[in-house]
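K.L.:
give me the fold of what follows.
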Amino acid sequence: MGPVELFSYAIPAFALFMFVEWLGYRRDPDRPANTASGRDTASNVATFVIGRFAKQVTQYLIPFSTVVLAAAITPLHLSAKSWWVWVLGLVVTDFCYYWAHRADHRVRLLWTSHSVHHSSEYFNFSTALRLPWFHPVANILRGMAWVPAALLGFPVWMIFLLQSIGLLYQFPIHTQRVGTLGRPIEFLFNTPAHHRIHHGSNQPYIDKNYGGVFIIWDRMFGSFAAESEPIRYGLTKNIGTDNPVKVNFHELAGLIGDVRRATTWRGRLGYIFGPPGWAEHPQAAPRVESVQLT
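P.N.:
Now for the predicted structure:
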């Protein structure tokens with residue numbers, strides 16, 4: 001079963017989770033105001049559906065993968081017949097995901113794609129479906145994060161499958177309906193409590209909790225935060241639209257505009273590879289319309 005088939009089978013489960021969550025909120029008089037809105041949910045679902053079709057096209061337009069190349073040249077080859085290879089593979093690919101996700105927030109070119117997911121001002125299961133469409137350059141660069149897994153000898157198909165399993169794991173943690181789980185679970189795994197922090201756009205939550213399946217990486221590398229004040233979801237300055245096209249390309253348009261206005265090569269490269277919010281002339285007020293470092 002490939003990643004596309006895996007996501008296809010998961011769609012009914014996504015719909016069921018969303019309905020149960022909606023029903024729970026509807027019956028809860030104390031629900032937070034930032035749980036959901038009809039327009040936002042419709043935009044999230046539309047973004048996901050259009051993105052599924054776009055990915056069917058882009059997988060043929062962009063056949064080259066550094067992961068495939070790395071797997072072809074490595075002398076190491078692990079067998080998928082051994083159970084420990086699967087366990088180790090999950091840990092290794094999730095470690096790679098942590099660094100890819102961290103780069104999503106610290107390299108503006110990658111943020112042009114990932115900001116799509118963070119642009120909702122609400123946090124619910126439908127937010128998990130708010131995924132980018134066509135950002136080929138960002139996707140190719142981001143994919144390099146899994147090269148170490150290929151060099152260690154994990155089969156390419158296993159790496160891609162475990163990536164998909166990691167993404168599926170993250171769907172149910174996009175909710176405010178679950179408080180905290182047992183302390184051992186909260187210490188090791190990414191949970192709704194941890195991922196709510198990651199979607200926060202107010203301090204002290206910016207650039208925190210990058211983990212996919214495991215939160216232990218954030219604890220190890222200094223990017224962990226627990227909830228200490230109410231969370232404000234979305235971008236540091238929100239885009240104010242539910243149009244899926246604008247949702248997908250607002251930050252890319254901002255990047256292109258900044259590069260065109262830059263007066264030096266340092267400025268142009270800084271806007272592309274520097275962190276969101278970087279400015280060629282720091283003394284001037286930086287553009288922050290669509291910048292959010294979480």
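K.L.:
helices of the protein, start to end?
P.N.:
Secondary structure of the chain, counting by DSSP state H: helices at 3-26, 38-61, 66-73, 83-106, 108-118, 136-143, 147-151, 156-170, 183-188, 192-198, 216-220, 244-261, 265-273.
K.L.:
mind pulling up the pLDDT for Ala54?
P.N.:
In the prediction, the pLDDT value recorded for Ala54 is 60.
K.L.:
actually Phe14, sorry about that
P.N.:
65.
K.L.:
same question, Trp133
P.N.:
83.
K.L.:
next one: Leu23
P.N.:
66.
K.L.:
low-confidence ranges, this structure, go.
P.N.:
Along the chain, segments meeting pLDDT under 70 span 1-11, 13-31, 33-37, 49-64, 283-294.
K.L.:
tell me who's in contact with His199.
P.N.:
Going by CB atoms under 8 Å, 6 or more residues apart in numbering, His199 touches His118, Phe123, Thr127, His174, Ile231, Tyr233, Thr294. C-beta: built from backbone N, CA, C; applies to glycine.
K.L.:
and which of the residues you listed is nearest Asp218?
P.N.:
Thr294 (12.6 Å; CB to CB).
K.L.:
circling back: in CSV: the contacts of His199, plus neighbour count.
P.N.:
Below are those laid out as CSV (neighbours: other CB atoms under 10 Å):
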residue, neighbour count
His118, 24
Phe123, 23
Thr127, 23
His174, 25
Ile231, 18
Tyr233, 25
Thr294, 23
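K.L.:
in the residues you listed, find the pair that's most separated.
P.N.:
His174 and Thr294 (13.9 Å).
K.L.:
among the contacts of His199, which lie within strands?
P.N.:
Judged by DSSP state E, strands contain none of the contacts of His199.
K.L.:
please identify the most buried of the helices of the chain.
P.N.:
helix 108-118 (a mean of 24; mean count of other CB atoms under 10 Å).
K.L.:
ok, and what's touching that helix?
P.N.:
Outside helix 108-118, the residues touching it (CB under 8 Å, 6+ apart) are 47, 101, 103-105, 127, 130-133, 135, 137-139, 141-142, 199, 201, 234-235, 247-248, 250-252, 255, 271-276, 278, 290-292, 294.
K.L.:
and the residue nearest to Trp86 when sequence neighbours are not counted, how many neighbours?
P.N.:
Nearest residue to Trp86, sequence neighbours excluded (CB to CB, 6 or more residues apart in numbering): Ala80, at 7.1 Å. Neighbourhood size, Ala80 [other CB atoms under 10 Å]: 13.
K.L.:
give me every residue that touches Ala80.
P.N.:
Trp86, Pro155, Met158.
K.L.:
from Tyr169, how far out is it?
P.N.:
20 Å (CB to CB, to the nearest Å).
K.L.:
for Pro136, same thing?
P.N.:
Applying CB to CB to Pro136 and Tyr169 gives a distance of 26 Å.
K.L.:
quick check, central residue of the chain?
P.N.:
In the chain, the centroid-proximal residue (CA atoms, centre = their mean) is His114; its distance is 5.7 Å.
K.L.:
of the contacts of Ala80, which is the nearest to Gly182?
P.N.:
Trp86 (24.6 Å).
K.L.:
now do the contacts for that closest one.
P.N.:
So Trp86 contacts Ala80, Met158, Leu162 (CB under 8 Å, 6+ apart).
K.L.:
OK, contacts around Pro32?
P.N.:
Per CB under 8 Å, 6+ apart, neighbours of Pro32: Gln176.
K.L.:
switch the cut-off to 10 Å
P.N.:
Tyr25, Tyr122, Phe123, Gln176, Pro230, Ile231, Tyr233 (CB atoms under 10 Å, 6 or more residues apart in numbering).
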